[in-house]
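give the three-dimensional model of this entry:
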Amino acid sequence: MKMNRVKINTRGSRPRKVAGDLKVGRPPPWFLLALVLLSVYAPKNLLAAAAQAEDQVVVVVLDLQPQNVPPGDAALMTDYLRDELVNSGDYQVVERQRMNEVIAEQDFQRLGVTQEEYAVRLGQLLNASKVFLGTSGMIQDVRVLTVRIVDVETGQVEASKRASGFSTRDTDEAMQRIVLALRGLPAGSLTSNWPTDPSKAVSYLMVYAGGNIGSLLDYRAESVFKSGPVPGEPIWAGNAAEVNSAAWFPGLGLRLGAWKKWFGGDLEISALSHRTLAQSVFYDIKGFIRVVQPDTAFWFAVEIDTLAIPDRFQRTFSLGFGGNFYIHIPSKLVQPYVGIGVALLMNRVTSDHPGPGNWALKLEGAPLNSTSLGWSIQLPIGIRVPISSSTFVYLEFRPARHFFSIISGDGFQRERDQFTLQTFQFLLGTGWMFR
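Predicted coordinates for the structure are as follows:
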């Protein structure tokens with residue numbers, strides 16, 4: 001047997017290795033560093049893992065009971081539940097094989113116990129603290145998933161949560177929401193109560209209220225009669241480019257409709273009111289007025305370029321019947337949408353004074369009080385946010401134009417007024433879904 005040898009240099013030089021010799025020297029620095037890190041962190045990690053295992057609650061997960069679904073679907077839901085409990089880090093789930101062995105040893109059917117009693121007994125046999133059980137089913141084509149926690153020590157149902165209306169592709173998310181809720185944690189970004197099945201239409205009813213700002217645009221007024229000094233022309237005519245106005249009462253409305261994936265539409269009943277503000281208006285009015293004296297009558301030319309009007313000089317109220325069509329993004333949290341709508345209006349315009357033309361010309365006449373038909377066009381832009389599986393809130397910005405055409409006054413002072421009420425509405429409402 002050949003032995004390894006090291007020759008010693010008697011002159012004090014470093015040892016010299018010969019063939020077959022064993023190299024002797026200090027280990028490299030990286031090896032020493034690895035030993036230090038291992039000695040420091042390995043026990044710490046082992047202790048942390050042991051502490052985590054000690055903090056975990058031992059639980060049993062029973063198969064979810066199928067209701068109007070194949071047993072395979074319920075079994076798949078059970079696997080989703082087991083995975084979510086394991087991934088949460090709070091639970092130590094008893095292995096399915098161990099659970100089946102204990103079930104096989106016991107004759108629970110012969111005992112005739114309830115499901116909760118069965119869960120408690122099984123939890124005791126497996127040294128578990130909690131038992132998860134529940135159902136997976138369908139109610140009128142709507143998926144419903146219910147999970148309960150039974151405390152083994154007290155035998156009481158500790159918590160129960162349900163998710164419904166989710167599609168097959170959203171099963172994982174629905175189970176995450178249930179487990180978070182059972183753990184007493186907020187769902188956060190997982191919260192989604194929107195129906196996500198694109199093949200199903202969702203009907204809804206919404207009510208709203210809100211304020212608005214606006215103005216009267218292109219206000220034209222003219223005499224109804226054309227028997228003045230210029231044949232075929234109105235006796236007088238005037239125009240104001242813009243008259244400032246404000247909301248009289250908050251706008252109100254009700255909408256009934258449905259959406260399906262990317263598109264939606266609804267029928268709407270709305271109420272909107274405005275009033276003019278105290279201001280000086282650039283009001284270009286030209287024409288003639290008929291001056292009657294005891295012995296004669298003649299036409300007197302008039303021209304006005306500025307008109308001061310008091311507060312609430314004119315008040316408008318519109319009751320609208322129309323509809324909206326919109327495109328929305330089927331997001332799981334917030335659904336933004338944009339659309340277009342039209343409505344038939346029943347308009348009423350009132351004033352404590354005659355129409356603006358007669359009032360500007362200082363002609364006497366009956367106070368303005370006119371009812372007529374009109375129409376409006378609007379551009380709704382908003383977002384919807386779910387607050388439960390059947391309700392939501394929404395915020396909407398709605399530019400709109402309402403078109404008015406009225407006749408006021410009596411006798412020789414009858415006048416025709418036309419204007420456009422431009423509004424920017426800010427609406428807040430709530431809605432109910434019917435799936």
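
the helices in the chain, which residues?
Secondary structure of the chain, counting by DSSP state H: helices at 29-55, 71-88, 96-105, 108-111, 115-125, 171-182, 356-360.

residue 82 - nearest residue in space that isn't next to it in sequence?
Once flanking residues are discounted, residue 82 sits nearest to residue 61: 5.0 Å by Cβ to Cβ, 6 or more residues apart in numbering. Every residue, glycine included, has its C-beta placed from N, CA and C.

revised request: answer the last question for residue 228.
residue 235 (3.9 Å).

so that neighbour sits against residue 286, correct?
No. If you go by Cβ atoms under 8 Å, residue 235 and residue 286 don't touch, sitting 10.6 Å apart.

which of these two has more neighbours?
residue 235 (22 against 13; other Cβ atoms under 10 Å).

and the more buried one, backbone torsions?
Main-chain dihedrals, residue 235, degrees, to the nearest 10: phi -60, psi -40.

cool, and residue 156?
Dihedral pair for residue 156: phi -100, psi 150, per degrees, to the nearest 10.

can you get me a residue count around it?
Residue 156: 10 neighbours (other Cβ under 10 Å).

I'd say residue 232 and residue 225 touch.
No. Counting by Cβ under 8 Å, residue 232 stays clear of residue 225, with 11.5 Å between them.

quick one, what contacts residue 222?
Counting by Cβ atoms under 8 Å, 6 or more residues apart in numbering, residue 222 makes contact with 234, 236-238, 357, 415-416.

related to what we said a few turns ago, give me the pLDDT for the residue nearest to residue 228.
What the model reports for residue 235 is a pLDDT of 90.

gap between it and residue 358?
Using Cβ to Cβ, to the nearest Å, residue 235 is found at 11 Å from residue 358.

let's test this: mean pLDDT of stretch 392-404, rounded?
Averaged across stretch 392-404, the pLDDT comes to 95.

what residues sit buried inside that stretch?
392, 394-396, 398, 400, 402, 404 (16 or more other Cβ atoms under 10 Å).

adding distance to residue 431, write the residues you listed out as a markdown table.
As requested, these are exported to a markdown table (distance: Cβ to Cβ, whole Å):
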| residue | distance to residue 431 |
| --- | --- |
| 392 | 5 |
| 394 | 6 |
| 395 | 12 |
| 396 | 11 |
| 398 | 16 |
| 400 | 20 |
| 402 | 24 |
| 404 | 31 |
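
nearest to residue 347 among those?
Among the buried residues of stretch 392-404, residue 404 lies closest to residue 347 (Cβ to Cβ), at 5.5 Å.

in the sheet, who's paired with that closest one?
For residue 404, the beta-bridge partners are residue 419 (DSSP bridges).

which parts of the stretch 251-400 of the chain are strands?
Secondary structure of the stretch 251-400 of the chain (DSSP state E, counting those that start in this stretch): strands at 251-260, 263-276, 279-292, 297-309, 315-328, 335-350, 369-378, 381-386, 391-408.

any weak-confidence spans in the stretch 51-200 of the chain?
51-55, 107-113, 169, 185-199 (pLDDT under 70).

residue 337 and residue 330 touch, don't they?
No. Assessed by Cβ under 8 Å, residue 337 is found out of contact with residue 330, at 10.1 Å.

more neighbours, the two?
The neighbour comparison of residue 337 against residue 330 (other Cβ under 10 Å) goes to residue 337, with 20 against 13.

returning to what we had before: list the contacts of the residue nearest to residue 82.
With Cβ under 8 Å, 6+ apart, residue 61 has these contacts: 78, 81-82, 85, 93-94, 131-133.

6 Å instead?
The contact partners of residue 61, taken as Cβ atoms under 6 Å, 6 or more residues apart in numbering, are 81-82, 93, 132.

can you put these in JSON lines and add distance to residue 350 and neighbour count?
Converted to JSON lines, the contacts of residue 61 look like this (distance: Cβ to Cβ, whole Å; neighbours: other Cβ atoms under 10 Å):
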{"residue": "81", "distance to residue 350": "65", "neighbour count": "25"}
{"residue": "82", "distance to residue 350": "70", "neighbour count": "18"}
{"residue": "93", "distance to residue 350": "73", "neighbour count": "19"}
{"residue": "132", "distance to residue 350": "67", "neighbour count": "24"}
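
pick out whichever of those sits closest to residue 101.
Once Cβ to Cβ is applied, the member of those that ends up nearest residue 101 is residue 93, at 15.4 Å.

so who does that closest one touch?
Residues near residue 93 by Cβ under 6 Å, 6+ apart: 59, 61, 82, 85-86.

and residue 359, by the same measure?
residue 353.

equivalent analysis for the one 10 residues further on, please.
By Cβ under 6 Å, 6+ apart, residue 369 lies in contact with residue 350.
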